[in-house]
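>>> pasting a predicted model and its sequence here:
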Amino acid sequence: MQMPDVPMNVPIDDPNADTEWNDILRKHGVIPEKPPSPTPMIQEAIEEARRLAHDNRLEGKDLDELAELEDEEDEDFLESYRKKRMAELSTTTAASIYNQVYHLQKPDYSKDVTEASQKAHVLVLLTSSQGTNTESRVLIEIWRELAKRFGDVKFCQMRADLCIEGYPDKNTPTVLIYRDGDIRRQIVTLRDLSGPRTSAQDVEKLLVDVGAVKVGDSRLQQRRKEDAEVNTSSIRQGKTGGDDDDSDWD
């Protein structure tokens, strides 16, 4: 079929339809080539996501959890993950050199914080002048708990007015997160977390967000297990604890 060289209006119901008429029009440049179907690319992405999910299904599991999977997983594959987890635990243990809250003095701030952040993440908690406002007390307790659990992160504490002259109490607690000699994150009061109800889990998420702790770190999971066990125990004993706990904060 010979198409005329002069422009002409042709009936086109759907330029993307697979019809003989559209094939003729595409051949002669009347309508553009049909764009490739996204279906194969979408299917490929889905398959890749499934493959990664399968390959990474053991990520974050501790040694006890891996042992429980001996009857379900390929022995060689399981052993490779077991060795990987042991290596990660060994590295974490070697880096766990802090394991306490360090109370800072202003003359030593540069050495204890800025210089120390070249080797590890350093979190500085600036508390109210007397350490008595509610949010400061909340973080002081969380600092003690997490410092023991994450010994490769340095947790420090200092009264804000001793660190920065005239620092207003209304801005406490303030958290300064240092890494490689610089402040990477600053949090003023607990407004951006959960206020007076901020929990250790909220600060754990912060540690993950700034890269101080990996997403699959078993120390994060262990805390969740402990909380689940406590909740289960309370339910079995018929304790809700909701009203009593709330009354403390009110």
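Structure received. Numbering: from 1, shown residues only.
>>> going forward, measure contacts and count neighbours with C-alpha atoms only.
Fine.
>>> at which residues are the helices of the protein located?
Ranges of helices in the chain, per DSSP state H, are 20-27, 39-55, 63-68, 75-95, 109, 134-149, 160-163, 200-209, 218-236, 242-249.
>>> can you pull the domain assignment for the chain?
Annotated domains of the chain cover 62-95, 101-211 [automatic domain parsing].
>>> tell me, how many residues neighbour residue 154?
28 (other C-alpha atoms under 10 Å).
>>> neighbours of residue 212, just the number please.
If we define neighbours as other C-alpha under 10 Å, then residue 212 has 21 of them.
>>> if we ignore the residues flanking it in sequence, what's nearest it?
What sits nearest to residue 212 in space, not counting adjacent residues and going by C-alpha to C-alpha, 6 or more residues apart in numbering, is residue 121, at 5.9 Å.
>>> what sits against that neighbour?
152-154, 177-179, 212 (C-alpha atoms under 8 Å, 6 or more residues apart in numbering).
>>> do the same with residue 158
Contact analysis of residue 158 by C-alpha under 8 Å, 6+ apart lists 103-105, 124-127.
>>> ok, residue 185 next?
Contacts of residue 185 (C-alpha under 8 Å, 6+ apart): 175-178, 210.
>>> now with 10 Å?
By C-alpha atoms under 10 Å, 6 or more residues apart in numbering, the contact set of residue 185 is 123, 175-179, 206, 210.
>>> report pLDDT for residue 222.
In this prediction, residue 222 carries a pLDDT score of 51.
>>> actually residue 7, not the one I typed
46.
>>> for residue 119, which non-adjacent residue is closest in space?
Per C-alpha to C-alpha, 6+ apart, closest to residue 119 is residue 180, 7.3 Å.
>>> low pLDDT regions in the chain?
Judged by pLDDT under 70, the chain has its weakly predicted residues at 1-18, 31, 34-37, 50-96, 131, 221-250.
>>> swap the cut-off to 90 and go again
1-99, 129-132, 214-250 (pLDDT under 90).
>>> and for the residue nearest to residue 119, the neighbour number?
15.
>>> where's it relative to residue 118, distance?
Noted for residue 180: a distance of 4 Å to residue 118, by C-alpha to C-alpha, to the nearest Å.
>>> wait, residue 179 touches residue 124, no?
No: the criterion here is C-alpha atoms under 10 Å, and residue 179 misses it with residue 124 at 11.4 Å.
>>> now do the shared contacts for these two.
Counting by C-alpha under 10 Å, 6+ apart, the residues touching both residue 179 and residue 124 are residue 113.
>>> would you mind measuring from residue 196 to residue 188?
13 Å.
>>> the two: who's more crowded?
residue 196 (18 against 14).
>>> now that one. Nearest residue, chain neighbours left out?
residue 135 (5.3 Å).
>>> so that neighbour makes contact with residue 173?
Yes: distance between residue 135 and residue 173: 6.4 Å, which falls inside the contact criterion (C-alpha under 10 Å).
>>> need the residues touching each of the two.
Common contacts of residue 135 and residue 173 (C-alpha under 10 Å, 6+ apart): 127-128, 189-190.
>>> redo the residues you listed as TSV? Include distance to residue 141 and neighbour count.
As requested, the shared contacts of residue 135 and residue 173 are arranged in TSV below (distance: C-alpha to C-alpha, whole Å; neighbours: other C-alpha atoms under 10 Å):
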residue	distance to residue 141	neighbour count
127	12	28
128	14	24
189	15	22
190	14	20
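>>> just those residues now: which is nearest residue 25?
Set against residue 25, the nearest of these by C-alpha to C-alpha is residue 190 (64.8 Å).
>>> where's that closest one relative to residue 198, distance?
7 Å.
>>> mutual contacts of those two, please.
135, 138-139.
>>> could I get those residues as a markdown table with distance to residue 45 and neighbour count?
Listed next are the shared contacts of residue 190 and residue 198 as a markdown table, based on distance: C-alpha to C-alpha, whole Å; neighbours: other C-alpha under 10 Å:
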| residue | distance to residue 45 | neighbour count |
| --- | --- | --- |
| 135 | 46 | 21 |
| 138 | 45 | 19 |
| 139 | 43 | 25 |
